[in-house]
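Trainee: need the 3D shape of this:
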Amino acid sequence: MSSCQCGFESDVTQGLASVSNSLSVPAQEQKTNHGRLAVTRLTLSNFRNYASVRMETDGLSVVLTGDNGAGKTNFLEAISFLIPGSGLRGAKLAEVANTGAQKQKNETFVRWAVAANLAGSTAPSIGTGVEKTTSASGREKRAVHVDGQAVRTQSQLAEHFSCHWLTPQMDRLFQGGADGRRRFLDRMVFSMDPAHAGRTSAYMHAMRERMRLLKDGKTDDAWLSALEETMAAKGIAVAAARMDVAKRLGDLCERHDGPFPPAHLVIDGIVEELLEKSPALEAEDRIKDVLRASRGVDGQKGTTGNASEGKLSHQSDLLVTHMPKGQPASMCSTGEQKMLLTGLVLGAARLGALDEGRVPVLLLDEVCAHLDEHHLGALFDEVDDIGAQAWFTGTDEKLFHQLKGRARFASVAGGSITVNE
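Mentor: Residues are numbered from 1 along each chain as shown. Reported below is the predicted structural model:
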């Protein structure tokens, strides 16, 4: 048994840069496993229940076991912050800071960092965290480093790393609101089209600026028209990327003779509908007309998009059908929905490997729930067949016995991790 608990710079303002710089990868390692993304070293500081911890993986898949509440999922969440977005829990930056450090420093949040060495990536190391605060507002600011150098936006992370995840909270993905399904789809698009992160960010920024003007009663036509033009152009590009990935993923799932049911994917939204019926420029003009006509209503309601016109890009929904049953996923049993989700996540990883030449990392939290031993074995074999590094969590190591010799096993307890030799 060997412990991976270690000392680590706690002042993240200086620490994120120093940690990223310390995660250098030898040139010969950068050339191996090209296209197969893997975290070879993960370092956390003041993250959730970890004050300071580092784990080496050698690029193997990882099985993390321990009691409920030990912090297994926190490791997966840390990795999920290495792509654009708010991680697999959708948490605010302040929420993931180590609570012990908060009490010790008597602050509402503390600085935290996640950094990783990568194999198969265009960047040997990446990192993110809360680097500093704005004293006047008390708001936290997210920092992103690539190869030890600060970069402007988190969307740049998608150029160097991608991952997909499956968590117990997603079991109700098909019965919840459209937001969760849209984020699920966008993560798959990020992994195959890194520029998608920038497009969605630009669209949302323009939408927020337009709403700010409308709520303040500012009706400068030129200003609003410029923002609406950005929303229309970026919205069309976002919709086109979503439609492309949804079709390719659905086709792949239907062709692949695997243990998980194939799914048919359709995106419900006015932009997608327009793109199916008309050229992109014509669709863009139509979206601009919709936005212009809804200025008054949007300003009064404080929301963007008139429901009678259809769902805009920030409102569109991913509709999934269980193909063997010909039934909407929302009407399937919990077990069937879990099987569908597992198939989609594996399909996205396979699509990345086949079409994009980049195999994403898989974060599979408590996957033993709703999967019998046969399907667990099939899942493990699918991961191997795809060639992905997967991070599994569970309370019982015995359930992962089929992975012996294929993965690195580690025990999580008390804010530390111990690798089982």
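Trainee: dihedrals phi and psi, the closest residue to Glu382 other than its chain neighbours?
Mentor: Distance criterion C-beta to C-beta, 6 or more residues apart in numbering; nearest residue to Glu382, sequence neighbours excluded, is Leu346 at 5.1 Å. Where you see a C-beta, it was placed from the backbone N, CA and C, and this is true even at glycine. Torsion angles at Leu346 (phi, psi; degrees, to the nearest 10) stand at phi -70, psi -40.
Trainee: in this structure Leu346 contacts Asp385, no?
Mentor: No - taking contacts as C-beta atoms under 8 Å, Leu346 lies outside contact range of Asp385: 9.2 Å.
Trainee: which one of these two has more residues nearby?
Mentor: Of the pair Leu346 and Asp385, Leu346 is the one with more neighbours under other C-beta atoms under 10 Å, namely 27 against 12.
Trainee: assumed Thr40 was part of a strand.
Mentor: Yes - using DSSP: H, G, I helix; E, B strand; the rest coil, the secondary structure at Thr40 is a strand.
Trainee: which residue lies closest in space to it, excluding its sequence neighbours?
Mentor: Excluding its sequence neighbours, the residue lying closest to Thr40 (C-beta to C-beta, 6+ apart) is Asn117, at 4.5 Å.
Trainee: so which elements touch the helix or strand where the one you found lies?
Mentor: Taking DSSP states H and E as the criterion, Asn117 maps to strand 113-119. When contacts are defined as 3 or more C-beta pairs under 8 Å, 6 or more residues apart in numbering; DSSP states H and E, strand 113-119 packs onto helix 12-22, strand 38-47, helix 72-80, strand 125-134.
Trainee: how does the protein divide into domains?
Mentor: Residue ranges of the domains in the chain are recorded as 1-162+358-421, 171-357, according to automatic domain parsing.
Trainee: for the last one, what does the pLDDT average out to?
Mentor: The average pLDDT within domain 171-357 is 93.
Trainee: related to what we said a few turns ago, burial measure for the residue nearest to Thr40, as a count.
Mentor: Counted with other C-beta under 10 Å, residues neighbouring Asn117 total 24.
Trainee: again with Gln402
Mentor: Applying other C-beta under 10 Å, we find 14 residues neighbouring Gln402.
Trainee: offset the numbering so it begins at 857, please.
Mentor: Understood, numbering begins at 857; the last thing we discussed is Gln1258.
Trainee: in its sheet, what does the strand holding Asn973 sit against?
Mentor: Sheet neighbours of strand 969-975, with direction, are listed as strand 894-903 (antiparallel), strand 981-990 (antiparallel) (DSSP bridges).
Trainee: ranking these by mean pLDDT, which is last?
Mentor: When the strands paired with strand 969-975 are compared on average pLDDT, strand 981-990 comes out lowest at a mean of 80.
Trainee: and that strand, what's buried?
Mentor: Burial within strand 981-990, assessed by neighbour count using 16 or more other C-beta atoms under 10 Å, is assigned to Ser981, Ile982, Gly983, Thr984, Gly985, Val986, Glu987, Thr989.
Trainee: how about stretch 1250-1267?
Mentor: Of the residues in stretch 1250-1267, those buried under the neighbour-count criterion (16+ other C-beta under 10 Å) are Gly1250, Glu1253, Leu1255, Phe1256, Leu1259, Ala1263, Arg1264, Phe1265, Ala1266, Ser1267.
Trainee: go on, stretch 1090-1104?
Mentor: Using 16+ other C-beta under 10 Å, the residues of stretch 1090-1104 that count as buried are 1090-1099, 1101-1102, 1104.
Trainee: then that stretch to CSV, C-alphas only?
Mentor: In CSV, the C-alpha atoms belonging to stretch 1090-1104 read as follows (Å, rounded to 0.1, in the frame of the first residue of the first chain):
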residue,chain,number,x,y,z
LYS,A,1090,-23.6,32.0,-33.1
GLY,A,1091,-26.9,30.4,-32.5
ILE,A,1092,-26.9,28.9,-36.1
ALA,A,1093,-23.4,27.6,-35.6
VAL,A,1094,-24.2,26.1,-32.2
ALA,A,1095,-27.3,24.4,-33.6
ALA,A,1096,-25.5,23.1,-36.7
ALA,A,1097,-22.8,21.6,-34.5
ARG,A,1098,-25.4,20.0,-32.2
MET,A,1099,-27.3,18.5,-35.1
ASP,A,1100,-24.2,17.1,-36.6
VAL,A,1101,-23.0,15.3,-33.5
ALA,A,1102,-26.5,14.1,-32.6
LYS,A,1103,-26.9,12.5,-36.1
ARG,A,1104,-23.4,11.0,-36.1
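Trainee: and it, how far out from the chain's middle?
Mentor: When distances are taken as C-alpha atoms, centre = their mean, to the nearest Å, stretch 1090-1104 is centred 17 Å away from the chain's centroid.
Trainee: contacts for that stretch, please.
Mentor: The contact list for stretch 1090-1104 (C-beta atoms under 8 Å, 6 or more residues apart in numbering) reads 1041-1042, 1044-1045, 1048-1049, 1052, 1055-1056, 1058-1059, 1062, 1121-1123, 1125, 1127-1128, 1131, 1136, 1139-1140, 1143, 1168-1169, 1172, 1174, 1207, 1211.
Trainee: what does stretch 1033-1052 give?
Mentor: If you take C-beta under 8 Å, 6+ apart as the criterion, stretch 1033-1052 is touched by 939-941, 946, 1011, 1014-1015, 1018-1020, 1026, 1029-1030, 1053, 1056, 1094, 1097-1098, 1100-1102, 1105, 1123, 1167, 1171-1174, 1176, 1200, 1204, 1207-1208, 1211-1212, 1214, 1216.
Trainee: now, which of those residues lie within helices?
Mentor: Helix and strand membership here follows DSSP state H; of the contacts of stretch 1033-1052, those in helices are Ala1053, Thr1056, Val1094, Ala1097, Arg1098, Asp1100, Val1101, Ala1102, Leu1105, Leu1200, Ala1204, Leu1207.
Trainee: count the residues that sit near the second one.
Mentor: Just to be clear, that refers to Thr1056. As a burial measure, the neighbour count of Thr1056 was computed by other C-beta under 10 Å and equals 25.
Trainee: what's the distance between the closest residue to it other than its chain neighbours and Phe1017?
Mentor: Spatially, and ignoring its direct neighbours in sequence, Thr1056 is nearest to Val1094 (5.6 Å; C-beta to C-beta, 6+ apart). Counting by C-beta to C-beta, to the nearest Å, the separation of Val1094 from Phe1017 is 21 Å.
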